[in-house]
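> kindly generate the corresponding structure for this input.
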Amino acid sequence: MRESAARVAFPEVAASDVPSVRRSPVDGETRIAAAAIVDDVRERGEAAVREHAERLGDVEQGASLYAERWEMEEALGAIDGETRRVLERAAGRIRAFAEAQRASVGEFRVAVPGGHAAQVVAPVERAGCYAPGGRFPLPSSVLMGAVTARAAGCQRVVVASPRPAPVTLAAAALAGADLVLRVGGAQAIAAMAYGCGPIESCDAIVGPGNRWVTAAKQLVSGAVRIDMLAGPSELVVLADDSADAGVVASDLLAQAEHDADASAVLVTTSRELLDAVRVEITEQLATLPTRETAMAAMGNSFGVVACDLGEAIDVCDRLAPEHLEVITRDASDVAGRLRHYGGLFVGGSTAEVLGDYGAGPNHTLPTGGTARSFGGLSVFDFLRVRTVLEIGVGEEGEALARDSALLARAEGLEGHARSAERRLGGC
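Numbering: from 1, shown residues only. The predicted model follows:
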């Protein structure tokens, strides 16, 4: 009976049947409904934000939409010492990693005919960072967004989160946020994109959220920069017969408890491991407080038995998952053969949840196969790489102008050609 239940919870899919897909994180109906909210906020500003926030239960009628620095600091001072210390340690690790990212890209100057060209790197001025606040507060998402924005050099950082818990406000204080918008959903994204009361229009908006948040980010992306369109969370564990079934099952269930739409996949070269993981899933679910959500997510989850490690790697690359754990012999070597993932976690000691809670790298990652095209949230989402060109008077500059005129005429743009030729001596 126990084994049968486990099979229902975690079915097997043939390696050849695992598709390579890019799932849309937003359905058409949600996009249309979110567009109405976004347009309303763009047109009516704070009044529309309040109306939607009160209607959807983000804030009580007449309550403040904002938490200012003093409220964040008050929340930070009120939380217990152990929670404060763990938030401080996590923020420190995230900051160190983000600052190293920032230092990895710099400015340069190269010679071009008649002058020089340069790269200039500068942060956007105003950042908006979303943190979900559904079933549980997510201070980790506050740290991931706001700490990274500050490390990039943003002058103003706003956090948006519906019904922020004290620990969320405390995290915002540690991250250096200037203001917290006590609002979620499409109305929060629109408020940060187009402005709302004390919130000026943000230049970049980042952070995970539900389908309403994602739809709104897609809708405003033409006006502001966004990090990505993330859908339901997902984990793939690549394991061989050296893996501990209990560890694998616990990692899969940790992913499954995110929400009912999450997915957790095991790709293995060992049928014995798959069978043992099924049993472990059943046993661990029995005592998991979030088992109702985790069991629902198991409906989106499955196991794959590959004929060899090469096929297993191919399956993982086809899935291009948000999180990918490698629990095999020579895990570092196997990791080097993988091509598509949002975040990679190498070795049996490297639980994906360590990345969730501030080991350093960001936990906001691409989903639905879009890791083939995008990376995770980073300081680069808050940076603008711009170019500068300066050409002096002289023969080399004139040669460049002649080339430009020739290319302009090849494209049928006579005005461009004449503009370049105005830089020639004697014109």
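
> tell me which element Leu266 is part of?
Using DSSP states H and E, Leu266 maps to strand 263-268.

> contacts for that strand?
With contact meaning Cβ atoms under 8 Å, 6 or more residues apart in numbering, strand 263-268 is reached by 10, 232-241, 243, 248, 251-253, 255-256, 273-274, 277, 297-298, 300-306, 312, 315-316, 319, 321. Where you see a C-beta, it was placed from the backbone N, CA and C, and this is true even at glycine.

> are any of those residues buried, and which?
10, 232-240, 243, 248, 251-253, 255-256, 273-274, 277, 297-298, 301-306, 312, 315-316, 319, 321 (16 or more other Cβ atoms under 10 Å).

> in helices, which of the residues you listed appear?
248, 251-253, 255-256, 273-274, 277, 297-298, 312, 315-316, 319 (DSSP state H).

> farthest-separated two in those residues?
Ala297 and Ala312 (22.3 Å; Cβ to Cβ).

> can you give me the strands in the stretch 301-427 of the chain?
Using DSSP state E, counting those that start in this stretch, the strands of the stretch 301-427 of the chain run over 302-305, 323-327, 343-346, 383-391.

> give me the most central residue, the protein.
The centroid of the chain falls nearest to Thr364 when counting by Cα atoms, centre = their mean (3.0 Å).

> grab the nearest non-local neighbour of that one.
Spatially, and ignoring its direct neighbours in sequence, Thr364 is nearest to Leu377 (3.8 Å; Cβ to Cβ, 6 or more residues apart in numbering).

> I'd say the one you found and Thr148 touch.
Yes: the criterion here is Cβ atoms under 8 Å, and Leu377 meets it with Thr148 at 6.5 Å.

> between these two, tell me which one has more neighbours.
Thr148 (31 against 28; other Cβ atoms under 10 Å).

> now the more buried one, nearest residue through space, not along the chain?
In space, Thr148 is closest to Ala98, 4.6 Å off (Cβ to Cβ, 6+ apart).

> again with Val247
Gly348 (6.2 Å).

> residue boundaries of the strands in the stretch 51-200 of the chain?
Under DSSP E, counting those that start in this stretch, the stretch 51-200 of the chain gives strands at 66-68, 108-112, 115-123, 126-130, 156-160, 179-181.

> could the ones you listed go into a markdown table alongside distance to Ala335, mean neighbour count and mean pLDDT?
Listed next are these as a markdown table, based on distance: least, Cβ to Cβ, whole Å; neighbours: other Cβ atoms under 10 Å; pLDDT from 0 to 100:
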| stretch | distance to Ala335 | mean neighbour count | mean pLDDT |
| --- | --- | --- | --- |
| strand 66-68 | 41 | 17 | 98 |
| strand 108-112 | 31 | 10 | 96 |
| strand 115-123 | 30 | 15 | 97 |
| strand 126-130 | 30 | 30 | 98 |
| strand 156-160 | 34 | 27 | 98 |
| strand 179-181 | 38 | 26 | 98 |
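
> out of those strands, which is closest to Tyr341?
Closest among the strands of the stretch 51-200 of the chain, using Cβ to Cβ: strand 126-130, at 23.2 Å.

> need the residues that contact that closest one.
Here strand 126-130 makes contact (Cβ under 8 Å, 6+ apart) with 141-142, 145-146, 149, 152, 154-161, 177, 184, 188-189, 192-193, 199-209, 213, 224, 382.

> quick one, that strand and strand 156-160 angle?
Between strand 126-130 and strand 156-160, the angle comes out at 20 degrees (axes from the mean of the first three to the mean of the last three Cα atoms, to 10 degrees).
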